[in-house]
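> missing the sequence, but the structure's below:
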């Protein structure tokens, strides 16, 4: 199955457009190695909640310019991320499996504007982007399962009508 | 003050922001993965209901790390609620409290207002719009934009990608329009 996907699915040419990893590990690792991503996810989930970036109130404050908090979080995250990527490129840092780290180039399309605006609407309503939804659910906001299922439905509808949408 | 008590306090932006930023090199170095979360929603579609839609015809098992990551976020939420829950009331800007009380949202509690995101609210137009339509827009919009706050705003901006800057500005503009111009009408329903 995996061998002929490239032939049948032209969409895969735009993988980077869809923010998926274009730089798959070529090293075959056992499936349990995926547990490391679970550990990173746990850490990330704890940070999201303790930083209150998954708080509906903080999101409302951000979009009303009533608090610097969210801007500080995103800004400092980008600063640290950018510095890390600069060092990775400069020092040619490799992965723990010795692979070269390749970073995807994103190509512009109008979807980034239209989709971005629509996501902004949803972000201000739910107070969450996709990651925080899972953190809110884990923290005990049980109704968020409805929001997650709606988000999956939204993704599905996008996939269904993708060809008809302006990009 | 014990370490646990220290952790329980809300973390300031200059602590949490850099930790979030470190997710970018961590995922790259430990597995050559680019930081991004909204793709997980696509993988769920591809795994559960591809329905012969070309956008969902790919080997989602190759992207399974992403599902491990979001499941970890969920577990992180549970662990925080169990061990690091802050007993103090959340501090919210007084003018926001004032505005919300105008919509009948008088209780400031939790991550999301319980008065708004309760199961019983699903039968009201307001709750339905906020939870179902809001969620739909998050899933539809992030995929249309090709990423969310993590993929575009953090990973993309860190990698100095112009399309990610355009997407991030669009997220913010959309959020400002919704919060200031549209949400007051929805919350008044």
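Done, it's in. These figures come from a predicted structure and were not determined experimentally.
> which stretches of chain A form helices?
Assigned helices in chain A, in chain order: A:5-8, A:35-50, A:56-63, A:69-90, A:111-126, A:130-139, A:144-161 (criterion: DSSP state H).
> Need the residue closest to the centroid of chain B.
residue B:149 (7.9 Å; C-alpha atoms, centre = their mean).
> give the contact list for that residue.
By C-beta atoms under 8 Å, 6 or more residues apart in numbering or on different chains, the contact list for residue B:149 reads A:74, A:123, A:129, A:131, B:171. Just so you know, the C-beta spots here come from the backbone N, C-alpha and C atoms, and that holds for glycine as well.
> tell me the pLDDT at the third one?
What that stands for is residue A:129. As predicted, residue A:129 sits at a pLDDT of 90.
> Correct me if wrong: it contacts residue B:41.
No. In this structure, residue A:129 is not within contact of residue B:41 by C-beta atoms under 8 Å, at 11.0 Å.
> Overlap of the contact sets of those two?
Overlap of the contact sets of residue A:129 and residue B:41 (by C-beta under 8 Å, 6+ apart) consists of residue B:142.
> give me the element the residue nearest to residue A:138 when sequence neighbours are not counted is part of.
Closest residue to residue A:138 apart from its sequence neighbours, by C-beta to C-beta, 6 or more residues apart in numbering or on different chains: residue B:77 at 2.2 Å. Secondary structure assignment for residue B:77, by DSSP states H and E: helix B:64-83.
> Just want the angle from that helix to helix A:130-139.
For helix B:64-83 against helix A:130-139, the angle by axes from the mean of the first three to the mean of the last three C-alpha atoms, to 10 degrees is 40 degrees.
> next helix or strand past helix B:64-83?
With elements assigned by DSSP H and E, the helix or strand that comes after helix B:64-83 is helix B:94-102.
> So for that following helix, what gets flagged as buried?
B:96, B:99-100 (16 or more other C-beta atoms under 10 Å in any protein chain shown).
> So which residues make contact with that helix?
Contacts of helix B:94-102 (C-beta under 8 Å, 6+ apart): A:57, A:60-61, A:64, A:66, B:106, B:108, B:113, B:184, B:187.
> between those residues, which is nearest residue A:152?
Residue A:152 has its nearest neighbour among the contacts of helix B:94-102 in residue B:113, at 23.5 Å by C-beta to C-beta.
> mind checking how far the closest one is from residue B:150?
Separation of residue B:113 from residue B:150 (C-beta to C-beta, to the nearest Å): 24 Å.
> who has more neighbours, these two?
residue B:150 (27 against 23; other C-beta atoms under 10 Å in any protein chain shown).
> what are the phi and psi values for the more buried one?
Main-chain dihedrals, residue B:150, degrees, to the nearest 10: phi -80, psi -50.
> is it true that it touches residue B:40?
No. The pair residue B:150 / residue B:40 is not scored as a contact, 10.3 Å apart, by C-beta under 8 Å.
> Find the residues that touch each one of the two.
Common neighbours of residue B:150 and residue B:40, counting by C-beta under 8 Å, 6+ apart, are residue A:130.
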